[in-house]
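J.: quick one, what's the 3D model for this:
(2 chains)
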Amino acid sequence: MERAEGPTIAGSDFTRRDLLAAAAVTGGALVGADFMPGAAPPANAQTTAAESSSANVTLRVNGAEHSLPLDPRTTLLDALREHLHLNGSKKGCGLGQCGACTVLMDGKRVKSCLSLAALVEGREITTIEGLAQGDQLHPLQAAFIERDAFQCGYCTSGQIMAGVACIAEGHASSPQEIREWMSGNICRCGAYDNIVAAIQDAAGVTGPARRG
Amino acid sequence: MHPFTLERPRELSTAIAFRAQAGRNDATAEYIAGGTDMVQLLQEHVRRPERLVSLAGLLDNRIEVGPGGLRLGAAATMADVAAHPAIVEQFPVISEALLNSASPQVRNQATMGGNLLQRTRCPYFRDVGYAACNKRAPGSGCAAIGGENRWHAVLGTTDSCIAAHASDLAVALVALDAAVEASGPRGQRTIPLAEFHRLPGDTPHIETVLEPGEVIAAITVPASPAARRSHYLKVRDRASFEFAVVSAAVAVDLDGARIRRAHVALGGVGTKPWRVPRVEAALAGTNLEPAALRRTAALAAEGAQGRGANDFKIELMQRVIVRAVEIAGVRT
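T.: Down below sits the predicted model:
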């Protein structure tokens, strides 16, 4: 994560009064994109000189709301790991290619490294930490243990989150279908056979809930 | 990422005004919607806008299918469009192109508009460690010509740029005569998709005909008898989650075994989604018979220029056309 050099977030939740108050407090000028909806950008839009390095972003993660001061460059993954200390989601490539950062957003799987945290306010985020019910593991978590579906474990939380979605989507009816629909998750240890078996097992337990 | 100000306007007109103010200078302001390509470009310092203008919540995400055809809101996700029952039935080439793109996660995030505007996967464009890239740094040269160019285009190239357009969706859409509805500072206009992407010429950094501030609002696709009998065939280096080496979107209207009308476009080989009208004209009236299909597909090679490692694409794209027409032709 690079050091913030002076970016700001112009939040849709800010009112003019909030902005003025915030500017007064920080000595900076948060840019109010919604000062004048439909109008040209405010004359001071060029002077986003705000020295404030962050603005509050409210994230809803595993059923709880968190208000975090975030640099606008912060990805959802970095917000989860570095700010909420939910380290289950892993950073592999940071470019959407490996799938280790997979979380659910409003029930659908996404790569959290490709979303800016400030742009997913209000969305319901579920991470690997939110999957178990107390001490009761999610069936797919239990199946991963039963099937020994990992070696180093770095990709595992992403595999499980993607697998949960794969089953819920109804894309786990055969090993071939699972392989195609899990292709966004890379395992460098090559535990694919056991990952596929674990997903097949869990799909039998939880059953598909094919959407639309 | 370089620092930027993130704007989250409540009105599309405000977003357009922000972006229009920046003019042609992408370094000043850029849009972000699904973000799946933009965040990669930001992370790799390929794009370094001072201001990032979010389109979240500002664009239509509806998918509408009527007797006249299809209308896709710009914010509809790849996953939702690919799974839409009427698209699967009436426009299979669109669904197939999407399901053969990216990964399930990215398809949940990425939007229709962003897909058409994604930047090339040319490794020299994506790696700022290379100084020479006319698309990234106008006037700096092209490292791909004379470099590793197995993935690059053979059609529509110039000595300035040989980068291939990366979108599968755009190939399917251009084959079906799709159009883009754009909203901008001066209102709305409709642009045929065939005219939406620009050839590189000597300004490969200007990739579309969009004016400063203009956004894609929606994509329309006319209904046609051929669209139902359509197929997307993608040849790539891995079985899944990989960009095309060569692909073809094909739609055929048949009279028995005779082709009444054909739509054919190619991916992975052009500097823009590449329609092949000479092949289409030759296919009209042709029977679904291998030798005849091979003769017509050969017309796609007209004007093709390999750069060494990508020479093989010129033959491969003809074979891909033949196979795609054969598959589409037996579709009921």
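J.: ok, the residue in chain B that chain A sits nearest to - contacts?
T.: Residue of chain B nearest chain A, by CB to the nearest CB: residue B:103 (2.5 Å). C-beta coordinates here come from the backbone N, C-alpha and C atoms, glycine included. Residues near residue B:103 by CB atoms under 8 Å, 6 or more residues apart in numbering or on different chains: A:96, A:99, A:111, A:183, A:184, A:185, B:241.
J.: pLDDT, secondary structure and distance to residue B:203 added to those, as CSV?
T.: Below are the contacts of residue B:103 laid out as CSV (pLDDT from 0 to 100; DSSP: H, G, I helix; E, B strand; the rest coil; distance: CB to CB, whole Å):
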residue, pLDDT, secondary structure, distance to residue B:203
A:96, 97, coil, 29
A:99, 98, coil, 37
A:111, 98, strand, 33
A:183, 98, coil, 36
A:184, 98, coil, 35
A:185, 98, coil, 39
B:241, 94, coil, 32
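J.: show me the helices in the chain, by range?
T.: By default, I'm working from chain A. Using DSSP state H, the helices of chain A run over A:16-26, A:76-78, A:139-147, A:156-169, A:175-181, A:192-206.
J.: let's do chain B instead
T.: B:12-21, B:38-43, B:78-83, B:85-90, B:92-99, B:104-109, B:112-117, B:123-126, B:168-175, B:225-228, B:277-283, B:290-297, B:312-329.
J.: most packed of those?
T.: helix B:168-175 (a mean of 30; mean count of other CB atoms under 10 Å in any protein chain shown).
J.: what's that one packed up against?
T.: With contacts taken as 3 or more CB pairs under 8 Å, 6 or more residues apart in numbering or on different chains; DSSP states H and E, helix B:168-175 sits against helix B:92-99, helix B:112-117, strand B:230-235, strand B:246-255, strand B:258-267, strand B:274-275.
J.: quick check: angle from that helix to strand B:258-267?
T.: If you take axes from the mean of the first three to the mean of the last three CA atoms, to 10 degrees, helix B:168-175 sits at 140 degrees to strand B:258-267.
J.: still on that earlier bit, which among the helices and strands packed on helix B:168-175 is found nearest to residue A:189?
T.: helix B:92-99 (27.6 Å; CB to CB).
J.: so what touches the closest one?
T.: For helix B:92-99, using CB under 8 Å, 6+ apart, the contacting residues are B:70, B:78-79, B:81-84, B:87-88, B:107, B:168-169, B:171-173, B:175-176, B:221, B:227-228, B:230-232, B:234, B:247, B:249-251, B:328, B:331.
J.: just give the nearest non-adjacent residue to residue B:30, would you?
T.: residue B:49 (4.2 Å; CB to CB, 6 or more residues apart in numbering or on different chains).
J.: hang on, isn't that neighbour packed against residue B:31?
T.: No. With contacts defined as CB atoms under 8 Å, residue B:49 does not count as touching residue B:31, sitting 9.3 Å away.
J.: rewinding a little: output the contacts of residue B:103 as CSV; include the columns distance to residue A:162 and neighbour count.
T.: Output for the contacts of residue B:103, formatted as CSV (distance: CB to CB, whole Å; neighbours: other CB atoms under 10 Å in any protein chain shown):
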residue, distance to residue A:162, neighbour count
A:96, 13, 27
A:99, 6, 28
A:111, 10, 35
A:183, 10, 18
A:184, 7, 24
A:185, 5, 28
B:241, 12, 20
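J.: tell me who's in contact with residue B:226.
T.: B:176, B:251, B:252, B:253, B:261, B:262, B:263.
J.: re earlier: could the helices of chain B go into JSON lines alongside mean pLDDT?
T.: Shown next, in JSON lines, are these (pLDDT from 0 to 100):
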{"stretch": "helix B:12-21", "mean pLDDT": "95"}
{"stretch": "helix B:38-43", "mean pLDDT": "98"}
{"stretch": "helix B:78-83", "mean pLDDT": "98"}
{"stretch": "helix B:85-90", "mean pLDDT": "97"}
{"stretch": "helix B:92-99", "mean pLDDT": "98"}
{"stretch": "helix B:104-109", "mean pLDDT": "98"}
{"stretch": "helix B:112-117", "mean pLDDT": "98"}
{"stretch": "helix B:123-126", "mean pLDDT": "98"}
{"stretch": "helix B:168-175", "mean pLDDT": "98"}
{"stretch": "helix B:225-228", "mean pLDDT": "96"}
{"stretch": "helix B:277-283", "mean pLDDT": "98"}
{"stretch": "helix B:290-297", "mean pLDDT": "97"}
{"stretch": "helix B:312-329", "mean pLDDT": "97"}
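J.: among the helices and strands packed on helix B:168-175, which comes closest to residue B:309?
T.: Closest approach to residue B:309 among the helices and strands packed on helix B:168-175 (CB to CB): strand B:246-255, 13.8 Å.
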